[in-house]
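*Asks:* Got a predicted structure here, sequence first:
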Amino acid sequence: MTMKFFLLCCLSLLPVSETYAQPGCPDPQALNYIASATSNDGSCQYPATNYVPTLKALLPDTLVEISGQVRAGANWYAHNDGSDGSRFYRFDPENGSIAQIIHLKQASNKDWEDIAASDTHIYIGDVGNNNNNRQDLGIYRIPLSKIGNTSFVSIETSDWSFIPFSYEDQTDFSFQPADSAVFDCEAMIVLSGKIHLFTKNRKEYTTTHYVVNQSNGKAEKLETFPCDGLITGADVSPDGKLIALLGYDLRNIPKVFAWLLWDWQAGSDLFFTGNKRRIELGSAFATGQAEGVGFLGNRTGYISNERTVAGGVTFVEQSTRWFDFGQWVPENVGSQEPSTASGFKVFPNPFVQSVRFDFFEHKKPHHIRVLNQSGQVVLHLNEVPEVLDMSTLPSGTYSFEAVWETYIQVFKALKM
């Protein structure tokens, strides 16, 4: 046996290292924190957390039924629900003053429930559906450039647009009692050009996350979360790393809460796959019927409540309150950007028919195996394509195992 052949035989017996992400809870504040976890599997559990936002301002009667608020550019905007016609307001949450009235010509406020913003537009959701029977749901889209700075402005019909939609999984539009409504909605955000809705399920006390497909007018269902309450407002932080879902629970002693969502699955819109921490914001008899939440900084902002009346007695006037969630979600965590630590990514995630591979300037692997949720290999790619057609495979979560000379790396993606 030659020395060269002997060395080759020895090398062939060396183990091939496998580099897998270690799933678990990577948040040190969680009860089930795992120091070695390198991949957040959404399992973090947190202790009961109570926090009282600071009262900032009483709002004028003009905003007695304030239902949503948002910061767009340097200004704050708010609106009432269906009692106030097709107008919204520029206001100051620090002192409650109203600086501008914006009227949408020939628009209709059947049940405006939340407001969101992108860099260029404001979005107002006419999405209230208390009895499950509405078939005219939609979202108003208003260019910020048309609002101006005058104390009153009327936006021409040609300058705003209306995005109609229906829920893809709703087939029954018959009248339902309010406590049985599952397609009601009061929470909306705009992130990366997509309109996201979070329902107010009065029957099961869950929320379902939809994305509005503007090409076909369908709100497409992504995920459902047992929020143990009614979601009434939503916003996303300026850095795009934290989502706050505001809500209340009217069972037993009425209370107000916020769910904080961060560090969700990289490159996806599955916001409930990451950390989910509930913050109790006090009794509804003290904090009020809170329906609006808006970020000022990456972890700070305002909560607003409409006038809260029970039995003819006013418990809380319409108000704004200041919050700071930074102690629970530091600014150096919660990135939604895809990590390059794994050497490659699969996108889009989730996907419908096909996926693409990105190896971040690394050389392509020798081959890729695709495994289904049961761990069965459904595809084996000896030649790695740029685009992989998976239209014939059923919906579910797939693992993509990329195999190089000395290691294996895994990326998971959801087929809708």
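*Replies:* Cool, the structure landed. Keep in mind the model is a prediction, meaning the values are calculated, not measured.
*Asks:* show me where the chain has helices.
*Replies:* Taking DSSP state H as the test, the helices found in the chain are 3-12, 284-287.
*Asks:* Where among the ones you listed is average confidence lowest?
*Replies:* For those, the bottom mean pLDDT is recorded on helix 3-12, which sits at a mean of 44.
*Asks:* how's the chain carved up into domains?
*Replies:* 54-324, 342-415 (automatic domain parsing).
*Asks:* Tell me which of those domains is the most buried.
*Replies:* Highest mean neighbour count of the domains of the chain: domain 54-324, a mean of 19 (counted as mean count of other CB atoms under 10 Å). For every residue, glycine as well, the C-beta is placed using N, CA and C.
*Asks:* distance between the ends of it?
*Replies:* 9 Å (CA to CA, to the nearest Å).
*Asks:* chain center to that domain: distance?
*Replies:* Average the C-alpha atoms of domain 54-324, do the same for its chain, and the two points are 12 Å apart (CA atoms, centre = their mean, to the nearest Å).
*Asks:* Please apply the same query to stretch 43-59.
*Replies:* How far stretch 43-59 lies from its chain's middle: 19 Å, per CA atoms, centre = their mean.
*Asks:* Just the residues contacting that stretch, thanks.
*Replies:* Where contact means CB atoms under 8 Å, 6 or more residues apart in numbering, the residues beyond stretch 43-59 that reach it are 24-27, 29-33, 66, 91-96, 275-282, 287, 302-304, 317-323, 328.
*Asks:* Give me the subset of the residues you listed lying in strands.
*Replies:* Assignment to strands by DSSP state E places the following of those there: 24, 66, 91, 275-282, 302-304, 319-323.
*Asks:* thinking again about what came up before, lowest average confidence across the domains of the chain, which one?
*Replies:* Among the domains of the chain, domain 342-415 carries the lowest mean pLDDT, at a mean of 81.
*Asks:* quick one on the thing from earlier: put together a markdown table for the domains of the chain, with distance to residue 47 on each row.
*Replies:* Putting the domains of the chain into a markdown table (distance: least, CB to CB, whole Å) gives the following:
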| stretch | distance to residue 47 |
| --- | --- |
| domain 54-324 | 10 |
| domain 342-415 | 29 |
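*Asks:* just the strands in the stretch 1-150 of the chain please.
*Replies:* 23-24, 39-40, 54-58, 66-72, 75-80, 87-91, 98-104, 112-117, 121-126, 138-143 (DSSP state E, counting those that start in this stretch).
*Asks:* Rebuild those strands as CSV, extending it with distance to residue 248.
*Replies:* Compiled in CSV, these are given as follows (distance: least, CB to CB, whole Å):
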stretch, distance to residue 248
strand 23-24, 32
strand 39-40, 28
strand 54-58, 17
strand 66-72, 13
strand 75-80, 18
strand 87-91, 22
strand 98-104, 25
strand 112-117, 14
strand 121-126, 18
strand 138-143, 23
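*Asks:* quick one, which of these is nearest to residue 227?
*Replies:* Closest to residue 227 of these, according to CB to CB: strand 112-117, at 15.7 Å.
*Asks:* List the neighbouring strands of that closest one plus their orientation.
*Replies:* The partner list of strand 112-117 in its sheet, established with DSSP bridges, is strand 121-126 (antiparallel).
*Asks:* Next, the angle strand 87-91 makes with the partner strand.
*Replies:* Counting by axes from the mean of the first three to the mean of the last three CA atoms, to 10 degrees, strand 121-126 points 130 degrees away from the direction of strand 87-91.
*Asks:* Now the closest residue to residue 83 other than its chain neighbours: phi and psi?
*Replies:* The spatially closest residue to residue 83, leaving aside those adjacent along the chain, is residue 65, at 5.6 Å (CB to CB, 6 or more residues apart in numbering). The main-chain torsion angles of residue 65 are listed as degrees, to the nearest 10 and equal phi -120, psi 40.
*Asks:* which residues does residue 65 contact?
*Replies:* For residue 65, the contacting residues are 80, 81, 83, 84, 306, 307, 318, taking CB under 8 Å, 6+ apart as the criterion.
*Asks:* so what's residue 358 bridging to?
*Replies:* Under the criterion DSSP bridges, residue 358 forms beta bridges with residue 345.
*Asks:* got a list of what it touches?
*Replies:* When contacts are counted by CB under 8 Å, 6+ apart, residue 358 is found next to 344, 345, 347.
*Asks:* Kindly report the same for residue 178.
*Replies:* With contact taken as CB under 8 Å, 6+ apart, residue 178 is in contact with 130, 131, 202.
*Asks:* Kindly report the same for residue 290.
*Replies:* By CB under 8 Å, 6+ apart, the residues touching residue 290 are 232, 233, 246, 247, 248, 256, 281, 284, 303, 304, 305.
*Asks:* Quick check: closest non-adjacent residue to residue 99.
*Replies:* Distances taken as CB to CB, 6+ apart put residue 90 closest to residue 99, at 4.9 Å, once the chain neighbours are dropped.
*Asks:* That neighbour contacts residue 122, doesn't it?
*Replies:* No: in this structure, residue 90 sits apart from residue 122 without contact. The criterion is CB atoms under 8 Å, and the distance is 10.4 Å.
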